[in-house]
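In: quick one: sequence and predicted model below, then my questions.
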Amino acid sequence: MSLTLIRNALVYAPEALGRRDLLLGGGKILWLGKRLAPLPLPPALAVDEVDLAGAPLIPGLVDGHVHVTGGGGESGFASRVPAPMLSRYTTAGVTSVIGLLGTDDVGRGLRELLANVHGLREQGLSAWALAGGYHLPPATLSGDLRADLAFVEALVGVGELALSDHRSSQPTLDELLRIASVAHVAGLTTGKAGIVHLHLGDGPRGLDLVRRALDGSELPPRVFHPTHVNRRKALFEEAIDLARRGSSIDITAFPVEDGEDAWSAADALARYLDSGAPADRVTVSSDAGGCLPCFDENGRVTGMGVGDAGALLATVHELVGRGLALEQILPAFTRNVARLWRLPGKGCIAVGADADLVALDGDGRAAEVWLGGVHHVAAGRALRHGMFETSAR
């Protein structure tokens, strides 16, 4: 076993701890303190020492909404987005992902999703997946959603089920309640998150169906996790009210044009934190690998972008530039996500936690990245690539 000694790190765990040294080994943080004395180690045991010279060290980002197979497909088969490769995550400081299916949950199914999740795991990234997709009935592996959640280790919830969107299955209240009850009970029996991750479109119904589900059932609010809630300003106000009721809400780090009826991720998170709503009930995700389509009044695609994991650190950097404290910003990208999806050892820097770490440069970019204590990015450049990345370049 090799060890890594990180010296002179300005640690945000995500709370500010000040300058610390860290010892990494066996995929974990073994020691954390002000100064580690020289270790009496046998000659065969290698120690890689890295001096961060006071650079900020944060937990690896946990991206809770990623299209690990690629998304898209709204404008024909040629519009299907290719799957992002390993270094697109690591160079963006993302060390854990939740993969999911979107509009195309037929051409791209749960088998492909799980295969890509396991492929990322084999390359060192921590990855999980959601059963289902935009539509009903939900995409499954076994034909039974409850059995999938119970017996497929990598599946931790359901999503992204589409609401208030012309691409959705237009689910009824009873259908939403049935899916949510399956997810909830599966979570109780397995210890998994058991959450329904809800894609919110820009339709005027907004979160009405979720409010009705909470008003008319015994399901706890935590089961419902709406995403893209910053895509309309009125929808965002609805989402804040939902967070006050006990749900967690997810902000998407997509580009927003001047004058658009939407909030950027930076604006949305700042507004959320100023609202007085519980700070632990907000997460931020990238929609990496997913398409970002624009539609006309007839539902036809007029333009398309692609989500990028790099939008997460860009949002953090923007908020720091506005004067927000890093320890105030980081939980929405780290600890809150890990707690919501019940990912032990993720989203924090502590003895016994997974050694997923990101050192930031002066521009807020990922300068050094460790996944399970393995050095993946140094001086902003990927040391390790996915199997086909070099040929793709």
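Out: Okay, I see it. Residues are numbered from 1 along each chain as shown.
In: any idea how this structure splits into domains?
Out: According to automatic domain parsing, the chain comprises the domains 3-58+347-382, 60-340.
In: for F388, which of those is the nearest?
Out: domain 60-340 (7.1 Å; CB to CB). Placement of C-beta: from N, CA and C, glycine included.
In: which residues touch V256?
Out: 262-264, 267 (CB atoms under 8 Å, 6 or more residues apart in numbering).
In: helix or strand: which one has it?
Out: Using DSSP states H and E, V256 maps to neither a helix nor a strand.
In: could you check how far it is from A366?
Out: 23 Å (CB to CB, to the nearest Å).
In: what about the domains of the chain, which gets the closest to E389?
Out: Closest among those, using CB to CB: domain 60-340, at 4.8 Å.
In: list the buried residues in stretch 363-376.
Out: Residues of stretch 363-376 classed as buried: 364-376 (neighbour count, 16 or more other CB atoms under 10 Å).
In: closest to S285 out of these?
Out: A366 (16.9 Å).
In: that closest one and G380 touch, don't they?
Out: Yes. Contact status for A366 versus G380: in contact at 6.9 Å, counting by CB atoms under 8 Å.
In: name the residues contacting each of the two.
Out: Counting by CB under 8 Å, 6+ apart, the residues touching both A366 and G380 are T91.
In: please identify the nearest residue in space to K34, excluding sequence neighbours.
Out: R20 (6.3 Å; CB to CB, 6 or more residues apart in numbering).
In: so when I look at that neighbour, I'm seeing a strand, right?
Out: Yes. Secondary structure of R20 (DSSP: H, G, I helix; E, B strand; the rest coil): part of a strand.
In: burial measure for it, as a count.
Out: The number of residues packed near R20 is 21, by other CB atoms under 10 Å.
In: hmm, V11 and it touching each other?
Out: Yes. With contact defined as CB under 8 Å, R20 reaches V11; the gap is 4.5 Å.
In: tell me, what's touching these two both at once?
Out: With CB under 8 Å, 6+ apart, R20 and V11 have common neighbours 32, 57.
In: now do the contacts for the residue nearest to K34.
Out: 9, 11, 32-34, 57.
In: what residues does the host helix or strand of I179 touch?
Out: Element membership for I179, per DSSP H and E: helix 173-190. The contact list for helix 173-190 (CB under 8 Å, 6+ apart) reads 132, 136, 138, 145-146, 149-150, 157-158, 161, 163, 171, 192-196, 209-210, 212-213, 216-217, 219-220, 223-224.
In: for the stretch 151-300 of the chain, which segments count as strands?
Out: Assigned by DSSP state E, counting those that start in this stretch, the strands in the stretch 151-300 of the chain fall at 155-163, 195-200, 224-227, 249-252, 282-285, 291-295.
In: quick one: strands adjacent to the second one?
Out: Put plainly, it is strand 195-200. Under the criterion DSSP bridges, strand 195-200 sits next to strand 155-163 (parallel), strand 224-227 (parallel) in its sheet.
In: relative to helix 173-190, how tilted is the longest one?
Out: Angle between the axes of strand 155-163 and helix 173-190 is 170 degrees (criterion: axes from the mean of the first three to the mean of the last three CA atoms, to 10 degrees).
In: ok now strand 155-163, how far from the chain's centre?
Out: When distances are taken as CA atoms, centre = their mean, to the nearest Å, strand 155-163 is centred 13 Å away from the chain's centroid.
In: with stretch 276-287 instead?
Out: Relative to its parent chain, stretch 276-287 has a centroid offset of 11 Å by CA atoms, centre = their mean.
In: ranges for the helices of this protein?
Out: In the chain, helices defined by DSSP state H lie at 86-90, 110-122, 145-151, 173-190, 208-215, 233-245, 265-275, 311-321, 326-329, 335-340, 389-392, listed in chain order.
In: redo those helices as a markdown table? Include mean pLDDT and distance to E297.
Out: Putting the helices of the chain into a markdown table (pLDDT from 0 to 100; distance: least, CB to CB, whole Å) gives the following:
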| stretch | mean pLDDT | distance to E297 |
| --- | --- | --- |
| helix 86-90 | 96 | 34 |
| helix 110-122 | 97 | 32 |
| helix 145-151 | 96 | 35 |
| helix 173-190 | 97 | 27 |
| helix 208-215 | 98 | 22 |
| helix 233-245 | 98 | 19 |
| helix 265-275 | 98 | 26 |
| helix 311-321 | 98 | 28 |
| helix 326-329 | 98 | 37 |
| helix 335-340 | 98 | 35 |
| helix 389-392 | 62 | 38 |
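In: which one, of those, ends up nearest to D104?
Out: helix 110-122 (10.4 Å).
In: can you pull the contacts of G109?
Out: Neighbour list for G109: 101, 139 [criterion: CB under 8 Å, 6+ apart].
In: now do it, the pLDDT please.
Out: Looking at G109, its pLDDT stands at 90.
In: distance check, the nearest residue in space to W263 that is not next to it in sequence against H197.
Out: Spatial nearest neighbour of W263, excluding adjacent residues (CB to CB, 6+ apart): N230 at 4.3 Å. From N230 across to H197, the span is 16 Å (CB to CB).
In: next one: H225
Out: Counting by CB to CB - H225 and H197 are separated by 5 Å.
In: which ones are touching the most centrally placed residue in the chain?
Out: When the chain is reduced to its mean C-alpha position, the closest residue under CA atoms, centre = their mean turns out to be D63, at 1.7 Å. By CB under 8 Å, 6+ apart, D63 lies in contact with 89, 94, 96-98, 285-286, 288, 309, 312, 337.
In: between the residues you listed, which sits nearest L343?
Out: Proximity of the contacts of D63 to L343, judged by CB to CB, is greatest for S96, which lies at 6.5 Å.
In: ok, back up a step: possible to save the contacts of D63 as JSON lines with neighbour count?
Out: Converted to JSON lines, those look like this (neighbours: other CB atoms under 10 Å):
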{"residue": "Y89", "neighbour count": "31"}
{"residue": "V94", "neighbour count": "30"}
{"residue": "S96", "neighbour count": "28"}
{"residue": "V97", "neighbour count": "29"}
{"residue": "I98", "neighbour count": "28"}
{"residue": "S285", "neighbour count": "31"}
{"residue": "S286", "neighbour count": "31"}
{"residue": "A288", "neighbour count": "28"}
{"residue": "A309", "neighbour count": "25"}
{"residue": "L312", "neighbour count": "24"}
{"residue": "V337", "neighbour count": "26"}
